[in-house]
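Peer 1: Could you look at this predicted model? Sequence included:
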Amino acid sequence: MTALSYDRETVQKSLRQKIRRAAATAIQQEDVWAKHNIQDVPAERVVRHTYNPESRQFLKHETIVKIEKEPFTNGAMRHCYRLKKLATPPQSASNHRFHSYGWSRSLNYVAKCYLNEDGEPDTNERESVLTDIILQYEAAHWAEKFNVTAPKKIDFIRAYAIEFVDRPGSPMFAVERFIAGKDCYGRGFHKHNTNSGFVDQEVRRQTPQVFSAHSFYASQGNRLVADIQGIGDLYTDPQVLSIDYRFGDGDLGPRGMALFFKNFRHCDLSDKMGIPIFPLSRNERKHQAKYDDDESTLSEGSPLLEALMDKFKMLDDNRKMRKSILLRPTDLNCSDSADTEKRSNFTDMSKTIRRSFVASKKKAVSVVKRTKSDVDEVAACLDLALTDAVFDNAAFHRYESGELKPRHCHRQNDEDDDSNLRQNMIKRKSVALMKVIHPPMEITDETKSNLGKVHYHLACLHGMDRFPEIVSLDGVVDDESPSHDVFSVVFHLSHAASLGNAQACLALARARVGLYSSVSPLLHTNIPIDFDSAKDLCRRAMSVERSPASPKAAAGCLLYQILEDEETAGDVEKLHVLEEALNFVNLAEREQAAVKEHVKNMESRGKADGFRIGDVVEGNYFMEGTYYPGKVIEVLDDGNSVVIQYDDDGSSETLTADNVRSIEISTEVLSHETSRLSDEEAFGVANTDEIVLLDYDLISKIASLKEKTGDRAAAAGLFQQAAEMAMSAGKMQTANKWSMRAAELEA
């Protein structure tokens, strides 16, 4: 016998002994739900919907379960029931002794269902349940990415949906394994952060918070896994935040991401994993330092959710906070006539700009009291807004050589020696585990674009008075105190503009000419007027590639109005600006039409449906393991096979559903062409910063400039086009005026 075979046999023998001991422990372990006698409840037939993350489709099969009639806990939106399901023995198993114990030894699960207004299971919430299932797998996917470099591995409990087909309405429940026990530090179930900004400051585990931040950068800013909760590093019931609000009511989008990063503490672990610093304003950093042990968040009550009742109540409360978070900074007036609103907006704009010309020659008056450091910070931020963001070693808390900079420990509460001891032990253990320093994470153009959206939404949150604790760091509030920290608004708008966010560029440009911005009512009164800077910001907004067309069109209209009122630009320059703005207006209309079409298609289709003709997919070409993009051109009668036409050469192939994967449209397209939910839909109101001249007004102005440059034929055609469009909009007097002008030019 060789040494190699001996070692192999020894390892195999040791492994068999460990398996036997684990099985014996499982058999002898007392069922924590034994006292509830769930085994005496009648069994029910259900259809189980399991999600395949590879094909991105749901698979169905029948099974039986036993579930309690009454919920054991509930939140504002869901009830939770104890459920048992027999474990399925492996097909190759020869000894089924463990499975012979029946229902008394079956596995424990928690089944959750949404409620209707009467407090009964809602049969219309199937899509919400299936979305919850997808979230578990989405979170697990980013956990796998995290585990590649993390010193401590994490995992998410897999979930699935069950449909009670024999009950009226066939209600659907989300099901996951029940986890009990404590972690290595003696803690039970614990919530580490939420989808609405809460970041635990009592236990202060680094791994859950760093995982949330890592998921954002690993997904190029398209995802952030929040609502991290569970026992140890086994998590459950997460909420994935997406840049386009695609994951249901709990998905607060970039605004939820902004809430997380505002409270996230960078640490040694995040530095060593190559996660960049998320910049915070001077006042935000002061607040973190002052309230390091008492962070104000959306969460009510104690952050420790040891009981299951508190756990589910908090989860549902966070979901219900969506409406309060997704608001505009101010109450916007909803005019009955969009035409009147747009016209008055630009009439007032011209008056304001002209007044700003006069005001710019006088000493600026600020509404908010400012120190010299405040003035310096605003000036530095406004300079930053006109430069491209750079992610060098300093952005990753490293020296130029790439070596990590040391971090100071967080201030501890001297009154809690046990807590200090535990936190120090956790920190020493995490630092000891993280011996390898990984290179900085890659920051792509897509990451920068999405990071700009997060900064923009954090500015909006400040503007809607979301963080009153930032306004008065000394605790003194009087009638002269501002409603929010306008300097933090400027800080995050400037960083967003630096990252190529068109909305931020537009907001700053409006403020630079003295115009009101919907981001903050204090913005235009606390930024010095500078028309050259405003024009540069408008041009920067119009040149952004990864942006919807609406803010670009608004920036073009604003730039034209500035040039018109300055009376220094030539007709050719103004003509070029108007033509570019008109192109953006037309593009915005096409984008809005695409969004409506996408929403219409999604409303008629459930997540559990199979493939349909026209679906964009990837097919396993000739079953060789390589997937190529294409479209479904036929669905066979068996419902399990489709015919795919590949994009590259037009060839077609019949494949089973298991060898076909759905393709999500790229986030760049989703964010402004076919998004699941736009900012305006999420907020419930329009962004007045993005109101532009009507298309026929733009065309008439272009016609006037064409006439000035001597191109009478082109001017006549444009005036006639504007007249026809105005007539279609019911503006007969305007249409007649432009039609007569066209006739005069043609004469």
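Peer 2: Here it is on my side, so go on.

Peer 1: Quick check: buried residues in stretch 65-83?
Peer 2: Using 16 or more other Cβ atoms under 10 Å as the test for burial, stretch 65-83 gives 65-68, 71, 73-75, 77-83. C-betas here are computed from N, CA, C, even on glycine.

Peer 1: from those, which is closest to Asn586?
Peer 2: Met77 (42.0 Å; Cβ to Cβ).

Peer 1: Select from the buried residues of stretch 65-83 every entry located in strands.
Peer 2: Val65, Lys66, Ile67, Thr73, Asn74, Arg78, His79, Cys80, Tyr81, Arg82, Leu83 (DSSP state E).

Peer 1: Mind putting these into JSON lines with distance to Gln720 and pLDDT?
Peer 2: Putting those into JSON lines (distance: Cβ to Cβ, whole Å; pLDDT from 0 to 100) gives the following:
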{"residue": "Val65", "distance to Gln720": "70", "pLDDT": "92"}
{"residue": "Lys66", "distance to Gln720": "75", "pLDDT": "93"}
{"residue": "Ile67", "distance to Gln720": "70", "pLDDT": "93"}
{"residue": "Thr73", "distance to Gln720": "69", "pLDDT": "85"}
{"residue": "Asn74", "distance to Gln720": "65", "pLDDT": "79"}
{"residue": "Arg78", "distance to Gln720": "60", "pLDDT": "83"}
{"residue": "His79", "distance to Gln720": "64", "pLDDT": "88"}
{"residue": "Cys80", "distance to Gln720": "66", "pLDDT": "91"}
{"residue": "Tyr81", "distance to Gln720": "68", "pLDDT": "94"}
{"residue": "Arg82", "distance to Gln720": "73", "pLDDT": "94"}
{"residue": "Leu83", "distance to Gln720": "70", "pLDDT": "93"}
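
Peer 1: Now flag whichever of those is closest to Lys631.
Peer 2: The nearest one, if we look at those relative to Lys631 and count by Cβ to Cβ, is Arg78, at 37.9 Å.

Peer 1: Asn116 is in contact with the closest one, correct?
Peer 2: No. Contact criterion Cβ atoms under 8 Å: Arg78 and Asn116 do not qualify, at 11.4 Å.

Peer 1: what's the helix or strand for the residue nearest to Pro238 when sequence neighbours are not counted?
Peer 2: Once flanking residues are discounted, Pro238 sits nearest to Ala139: 4.1 Å by Cβ to Cβ, 6 or more residues apart in numbering. Assigned by DSSP states H and E, Ala139 belongs to helix 126-147.

Peer 1: So what's the gap between the next helix-or-strand element following that helix and the chain middle?
Peer 2: Next helix or strand after helix 126-147 toward the C-terminus (DSSP H and E): strand 155-156. Here the centre of strand 155-156 is set off from its chain's centre by 20 Å, with Cα atoms, centre = their mean, to the nearest Å.

Peer 1: Which strands and helices lie in contact with strand 155-156?
Peer 2: Strand 155-156 sits against helix 126-147, strand 234-235, with contacts defined as 3 or more Cβ pairs under 8 Å, 6 or more residues apart in numbering; DSSP states H and E.

Peer 1: mind listing what's buried in the longest one?
Peer 2: Right, the one you point to is helix 126-147. Per 16+ other Cβ under 10 Å, helix 126-147 contains these buried residues: 126-143, 146.

Peer 1: can you check stretch 102-115 too?
Peer 2: Trp103, Arg105, Ser106, Asn108, Tyr109, Val110, Ala111, Lys112, Cys113, Tyr114, Leu115.

Peer 1: Likewise for stretch 503-516?
Peer 2: Neighbour count says stretch 503-516 has 503-516 buried, by 16+ other Cβ under 10 Å.

Peer 1: just stretch 730-738 next, same as before
Peer 2: Lys731, Thr734, Ala735, Lys737, Trp738.

Peer 1: do stretch 112-125 as well
Peer 2: Lys112, Cys113, Tyr114, Leu115, Pro121, Asp122, Thr123, Glu125.

Peer 1: Check the secondary structure at the second one for me.
Peer 2: Reducing the assignment to helix, strand or coil with DSSP: H, G, I helix; E, B strand; the rest coil, the entry for Cys113 is strand.

Peer 1: just to revisit the earlier point, which pair in the buried residues of stretch 65-83 spans the largest distance?
Peer 2: Lys66 and Met77 (24.7 Å).

Peer 1: Isn't Gly169 up against Arg126?
Peer 2: No. Using Cβ under 8 Å, Gly169 makes no contact with Arg126, being 10.0 Å away.

Peer 1: What backbone torsions are found at Arg510?
Peer 2: phi -60, psi -40 (degrees, to the nearest 10).

Peer 1: What sits closest to it if chain neighbours are left out?
Peer 2: Ser517 (4.9 Å).

Peer 1: any chance of the helices and strands packed on strand 155-156 in CSV, with mean pLDDT and distance to Gly463 too?
Peer 2: As requested, these are exported to CSV (pLDDT from 0 to 100; distance: least, Cβ to Cβ, whole Å):
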stretch, mean pLDDT, distance to Gly463
helix 126-147, 89, 30
strand 234-235, 88, 33
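
Peer 1: Quick one: closest of the ones you listed to Tyr456.
Peer 2: Checking those against Tyr456 by Cβ to Cβ gives helix 126-147 as the closest, at 23.5 Å.

Peer 1: what helices or strands is that closest one leaning on?
Peer 2: Against helix 126-147 (3+ Cβ pairs under 8 Å, 6+ apart) you get strand 44-52, strand 107-114, strand 155-156, strand 159-163, strand 172-177, helix 206-218, strand 223-226, strand 239-242.

Peer 1: mind checking which of those is nearest Asp392?
Peer 2: Here helix 206-218 is closest among the helices and strands packed on helix 126-147 (Cβ to Cβ), at 15.8 Å.

Peer 1: For the closest one, enumerate the helices and strands it packs against.
Peer 2: Against helix 206-218 (3+ Cβ pairs under 8 Å, 6+ apart) you get helix 126-147, strand 223-226, helix 253-263, helix 268-272, helix 417-433.

Peer 1: which one of those lies closest to Ile243?
Peer 2: helix 253-263 (5.8 Å).

Peer 1: What angle do helix 253-263 and the helix or strand containing Val489 make with each other?
Peer 2: Taking DSSP H and E as the criterion, Val489 maps to helix 486-498. In terms of direction (axes from the mean of the first three to the mean of the last three Cα atoms, to 10 degrees), helix 486-498 departs from helix 253-263 by 120 degrees.

Peer 1: CA atoms only for helix 486-498, dumped as CSV, please.
Peer 2: C-alpha atoms of helix 486-498 as CSV (Å, rounded to 0.1, in the frame of the first residue of the first chain):
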residue,chain,number,x,y,z
VAL,A,486,-27.7,72.9,1.2
PHE,A,487,-23.9,72.4,1.3
SER,A,488,-24.4,68.7,1.2
VAL,A,489,-26.8,69.2,-1.7
VAL,A,490,-24.1,71.1,-3.6
PHE,A,491,-21.5,68.5,-2.7
HIS,A,492,-23.4,65.5,-4.0
LEU,A,493,-24.7,67.3,-7.1
SER,A,494,-21.2,68.2,-8.0
HIS,A,495,-19.9,64.7,-7.5
ALA,A,496,-22.9,63.5,-9.7
ALA,A,497,-22.0,66.0,-12.4
SER,A,498,-18.4,64.9,-12.3
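
Peer 1: other SSEs contacting it?
Peer 2: By 3+ Cβ pairs under 8 Å, 6+ apart, helix 486-498 packs against helix 282-290, helix 372-384, helix 445-463, helix 502-512.

Peer 1: Of all the helix elements in the protein, which one is longest?
Peer 2: The single longest helix within the chain, with elements called by DSSP state H, is helix 571-603.

Peer 1: Would you mind getting the angle between that helix and helix 126-147?
Peer 2: Going by the same axes, to 10 degrees, helix 571-603 makes 110 degrees with helix 126-147.

Peer 1: Show me what the mean pLDDT comes to for helix 571-603.
Peer 2: Averaged across helix 571-603, the pLDDT comes to 80.

Peer 1: Which parts of the very next helix or strand once past that helix count as buried, going by neighbours?
Peer 2: Downstream of helix 571-603, the next assigned helix or strand under DSSP H and E is strand 616-620. Under the neighbour-count criterion of 16+ other Cβ under 10 Å, strand 616-620 has Val617, Glu618, Gly619, Asn620 buried.
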